[in-house]
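Novice: Give me the fold of what follows.
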Amino acid sequence: PWYRPPAGPPHYSVGRASGLLSGFRRPPHARRSGTDGTALPPGQPARLLAAALCVTDVAPEPRSCRVLPGAPSTLQCKADVTVSLDPGECADA
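Specialist: This is a model prediction of the structure:
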């Protein structure tokens, strides 16, 4: 797979993808442009805020990647990120 979380406790398994998940802690009215808010069923955001998440898959969109200003060796890309709330899946990820 493209992304493999580091070994360690499941609640720390987000690793390098933690920046991709930073939007989960934003209030619903502060969504990023281009999102329609339909990815989660009603009631799920509260569960996500209280749960430990682990990234099980990351699928970047290469055509969306751009070099970040001031960080020539860093790219910012849009990506589909699959997360799990199941500790069993997190241990296997």
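
Novice: contacts for stretch 63-79?
Specialist: Stretch 63-79 is contacted by residues 20, 58-62 when judged by Cβ atoms under 8 Å, 6 or more residues apart in numbering. The way it works is simple: take the backbone N, C-alpha and C, and place the C-beta from them, glycine included.

Novice: What residues sit buried inside that stretch?
Specialist: Ala79 (16 or more other Cβ atoms under 10 Å).

Novice: Rounded mean pLDDT for it, please.
Specialist: Average pLDDT, stretch 63-79: 91.

Novice: quick one: low-confidence ranges for this structure?
Specialist: Residues of the chain meeting the criterion pLDDT under 70: 1-51, 92-93.

Novice: Can you get me a residue count around the residue lying closest to Val83 once chain neighbours are set aside?
Specialist: Nearest residue to Val83, sequence neighbours excluded (Cβ to Cβ, 6 or more residues apart in numbering): Leu53, at 4.6 Å. Leu53 has 20 neighbouring residues, counting by other Cβ atoms under 10 Å.

Novice: Repeat that for Val58.
Specialist: When neighbours are counted by other Cβ under 10 Å, Val58 registers 19.
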